[in-house]
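**Q** Have a look at this prediction, sequence included:
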Amino acid sequence: MRCALLIALSACGRLEFDEQPTIDAAIDAPVSTEILGPGTWTPIPAAPLPPTVWTRGAWTGTDFVVFGGATDASYVATNQGARWNPTTGQWTALPTMNAPAVRHSAPLVVAGDRVLTYGGAERLNPVESGGLYDPTTNTWTPIPPGPVGVRIYSELHVVDSRLLVWGGLQTDIIHYQSGFLYDPIAGAWSAMSTVGAPSPRSWSSSVWTGAKLIVWGGCSGVMPSCPNMFGDGAIYDLASDTWLPMSMTNAPSPREAHSAVWTGTEMIVFGGATTSLDGTPVNTGAIYSLATDTWRPISTTNGPAARADHAAVWLGTKMLVWGSVTGFSDGYLYDPALDQWSKISSANAPGSRQRFAYATDGRRLFIYGGSYASATGAMWSPEE
């Protein structure tokens, strides 16, 4: 996730942003002043959950929350979840009453300390509907199905008090170009404009800047290969409900299963696969400036090996990349101000795993799941 957005629940119960960063003015990339170093890993004990792959995670401000996932290679899904408190080191199981139906690959997003999820799939069948989890009351509130339809591999964000869902997959060949906004107070869905939107796709990346949604890359075609790769994107302006074009000059090569993080002024794209689902991974990337509509490549010197579907988070001055679907269990820090990579510690790091849950509190990285044999994880912390 990036530049931390301060989100709170207003007196009337509406989800609101306390502050919105201004990003339309030309701002230079931040100068790195903090040395994070190799850092240290602390094991996260087994959760009170079945081991899962294709699970997702989020940080509430106090807890690392994980939900859903596939419990075996046939993609049998669960609707169980739990939250881990790094201060106490304890897991607390989420209730299943009113929780979303069983699903895997359902993104989690946070507003205040509330966790929202929508979409995903049971086995190979995308689902609709979702839920809002309140850790204070330890309860779920259902998000009803709407015009969104069944979809998996979509982009999910909390924007201007609403849940935004864009793109994704309906069937094994039909990909979406549409997006919708859900108002949890009114309980109503509204459609986003599709004029100028990226072409139908899944496995894209996106960042929310505080005022705009940037969508880039992805793939289309028959799943699971998803052979048609995209190296383009577009910018959605929430205030005007319009899509704006993005420059393709010096943009990364077409890919899917890549990562994107928002630094507060720029989007960093890294890694991904360039042929079919997870095929031919790369270790290249580029930085997109929203203010100038320009791309610049990032160095690969001393950086990660080629990888796809990895963890990537923004830690204030550097991007942290860890793991991959192909089994890497190493991590690296990237400094955009210096265009330099450095390797983090591997001592006590999580073992090789796939489709794992991850989240950040803006300083630490939490990893969980990604194995049918273990419901454990680990927390990476910077140098004290």
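**A** Okay, I see it.
**Q** what stretches of the stretch 1-150 of the chain score poorly on pLDDT?
**A** 1-35 (pLDDT under 70).
**Q** so where do the strands sit in it?
**A** 7-9, 15-17, 40-44, 56-59, 64-67, 81-85, 90-93, 108-111, 114-118, 121-122, 125-126, 130-134, 139-143 (DSSP state E, counting those that start in this stretch).
**Q** Those strands: which one's closest to residue 355?
**A** strand 56-59 (9.2 Å; Cβ to Cβ). No exception for glycine: its C-beta is placed from N, CA and C like everyone else's.
**Q** can you dump the C-alpha coordinates of the closest one into CSV?
**A** Extracted in CSV, the C-alpha atoms of strand 56-59 (Å, rounded to 0.1, in the frame of the first residue of the first chain):
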residue,chain,number,x,y,z
ARG,A,56,-5.5,-12.1,1.7
GLY,A,57,-4.5,-9.8,4.5
ALA,A,58,-4.8,-6.2,5.8
TRP,A,59,-3.6,-4.0,8.6
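**Q** Run me through the strand neighbours of it, direction for each.
**A** strand 64-67 (antiparallel) (DSSP bridges).
**Q** and the strand it pairs with, how far out from the chain's middle?
**A** 13 Å (Cα atoms, centre = their mean, to the nearest Å).
**Q** Ok, stretch 251-267 next?
**A** 12 Å.
**Q** In it, which residues are buried?
**A** By 16 or more other Cβ atoms under 10 Å, the buried positions in stretch 251-267 come out as 251-252, 254-267.
**Q** mean confidence score for that stretch?
**A** Stretch 251-267 comes out with an average pLDDT of 97.
**Q** Can you give me the end-to-end span of that stretch?
**A** End-to-end span of stretch 251-267 (Cα to Cα, to the nearest Å): 12 Å.
**Q** Count the residues that sit near residue 108.
**A** By other Cβ atoms under 10 Å, 24 other residues sit near residue 108.
**Q** what are the bridge partners for it, then?
**A** Residue 108 forms beta bridges with residue 117, as assigned by DSSP bridges.
**Q** That one: what's it in contact with?
**A** For residue 108, the contacting residues are 56, 57, 58, 65, 67, 115, 116, 117, 156, by Cβ atoms under 8 Å, 6 or more residues apart in numbering.
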